[in-house]
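> Okay, predicted coordinates and the sequence, questions at the end:
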Amino acid sequence: MSNRNVGGWLKGKTVRKGGITSSNAHSARSSTPQVQSTSSTVFSGGVKDASGRTTEYFSMDDQCPVCKSDRYLNPKLRLLVSSCYHKMCESCIDRLFTLGPAPCPICQKVLRKLAFTPQTFEDLTVEKEIAVRRRIAKEFNKRREDFHDLHSYNDYLEEVEDITFNLINDVDIPQTEARILAHRKENAALIELNSQREEQYAQALREHEELERQEKEQRALELRREVEIEREERETAQREIIDRLETSTKDASKVIAKSRAEAMKRSSARTTTTTVLRSSAQLLRARAAQSTVVPDPPHVPLQDDWYAYEDLYTLRDHYDDMYSDAVRKDREGIMRAGGYRIEEAWDRALRCAVSGLDLPPLSGPDPSSGRTDVVMASA
């Protein structure tokens, strides 16, 4: 009897709150352990989800270290792991921690009932290391761009590994916790910023996965639609052939050949259109995949020490300028449609005028040289 139950356990059967599913309605009790998990399939070595990932590990040799109960005495035995990484059965947890926090029976560390979690890995050391690294990754989440040079970044990674090693192996726990607290206080703003970045990145990944899922469903829908259209076209072609054979006096083989040629032409045109649409969709998806968010810092032109002669003139509100009368009288704003402003033209003219004040004046032709070129006067 026990061999048959173990064999069914190893084969992997669906487990529900009422026990293992069976076609026999009169089976009121099953010796298979009832595991309360979100997964629906039990294998030897633990509970696995649909993707094959272990969501809760257990063994047929499990034994509670507190009450010494095992699966032979209690087939429904379920062991949970505390924050000090000691395993206890659910009965002992309810008995010891229902009334409030109490010391661990093994290490005397004060525990709470809600702190017990299912075991995921066979080795509790791996379970502890993953939990510690998950905690440290939330506190020490700086990136390479947060440091001035690579050497500082490597020192930071080494410090993170030292803290992780101390927490995993219980080395200098008070000093290590003090280092974590000091780092949290000094870098609270940066930690929050990097956490938001990680959330945005995770959200972008989820959106990308959702987009891929929708595209896959859309392609499947289009494929089904194409198959349906082809089936309808074949049926339509067959009915057309039958109708033509009934009403035509021509040779039957010619009528059939002509109908098939027309059907092939329609099918070819539809295939070409579908291919063009698919190519366009693939091109758009490829461009969207290649597009990245490029930082766009504000542009500050002329950052050097550029002198614009502002101290040599003062721009007035009005000038007696005959060339700008047409622009000023343009009430409909046609000449100013492109952003043209009279003040800018006046400012440019004055700037060009004062910019040549530091140059020596031009002189007339040099009579001694016999040339008529205008020369620059010597300073």
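Ah, there it is.
> what bits of the stretch 251-379 of the chain have low per-residue confidence?
Scanning the stretch 251-379 of the chain for pLDDT under 70 picks out the ranges 276-305, 331-338, 361-379.
> Look up phi and psi at His148.
Main-chain torsions, His148, degrees, to the nearest 10: phi -70, psi -40.
> what does Gln119 give?
phi -90, psi 130.
> show me what contacts it?
Taking C-beta atoms under 8 Å, 6 or more residues apart in numbering, we find Gln119 in contact with 56-58, 79-81, 87, 127. C-beta: built from backbone N, CA, C; applies to glycine.
> cool, Leu77 as well?
When contacts are counted by C-beta under 8 Å, 6+ apart, Leu77 touches 33, 62, 64, 69-71, 89.
> From those residues, keep the buried residues only.
The neighbour-count criterion (16 or more other C-beta atoms under 10 Å) marks 33, 62, 64, 69, 71, 89 among the contacts of Leu77 as buried.
> Relative to Arg213, which of the residues you listed is nearest.
Pro33 (35.6 Å; C-beta to C-beta).
> Now do the strands in the stretch 51-200 of the chain.
Assigned by DSSP state E, counting those that start in this stretch, the stretch 51-200 of the chain shows strands spanning 54-57, 79-81, 87-89, 102-103, 110-111, 117-118.
> ok, and the most crowded of the contacts of Gln119?
Highest neighbour count within those: Leu79, with 24 neighbours (other C-beta atoms under 10 Å).
> Now do the residue nearest to that residue when sequence neighbours are not counted against Pro118, distance only.
Once flanking residues are discounted, Leu79 sits nearest to Lys87: 4.5 Å by C-beta to C-beta, 6 or more residues apart in numbering. Separation of Lys87 from Pro118 (C-beta to C-beta, to the nearest Å) stands at 10 Å.
> Mutual contacts of the two, please.
Each of 80-81 lies in contact with both Lys87 and Pro118 under the rule C-beta under 8 Å, 6+ apart.
> residues near Pro75, how many?
For Pro75, using other C-beta under 10 Å, the count is 16.
> Now Glu262: which helix or strand?
Element membership for Glu262, per DSSP states H and E: helix 252-290.
> how far is the helix or strand that that helix is followed by from where the chain is centred?
On the C-terminal side of helix 252-290, the closest following helix or strand by DSSP H and E is helix 325-328. Put simply, helix 325-328 sits 57 Å off its chain's centre (C-alpha atoms, centre = their mean, to the nearest Å).
> on contacts alone, who are the packing partners of helix 325-328?
Packing partners of helix 325-328 (3 or more C-beta pairs under 8 Å, 6 or more residues apart in numbering; DSSP states H and E): none among the helices and strands.
> Skip ahead from it and say which helix or strand is next.
Past helix 325-328, the next helix or strand by DSSP H and E is helix 342-355.
> What helix or strand is the spatially closest residue to Thr274 that is not a sequence neighbour located in?
In this structure, Thr274 finds its nearest non-sequential neighbour in Glu226, 6.8 Å apart by C-beta to C-beta, 6+ apart. Assessed by DSSP H and E, Glu226 sits inside helix 188-247.
> re the thing from before, output the strands of the stretch 51-200 of the chain in JSON lines; the columns should cover mean pLDDT.
JSON lines is the format used below for the strands of the stretch 51-200 of the chain (pLDDT from 0 to 100):
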{"stretch": "strand 54-57", "mean pLDDT": "69"}
{"stretch": "strand 79-81", "mean pLDDT": "87"}
{"stretch": "strand 87-89", "mean pLDDT": "88"}
{"stretch": "strand 102-103", "mean pLDDT": "90"}
{"stretch": "strand 110-111", "mean pLDDT": "88"}
{"stretch": "strand 117-118", "mean pLDDT": "84"}
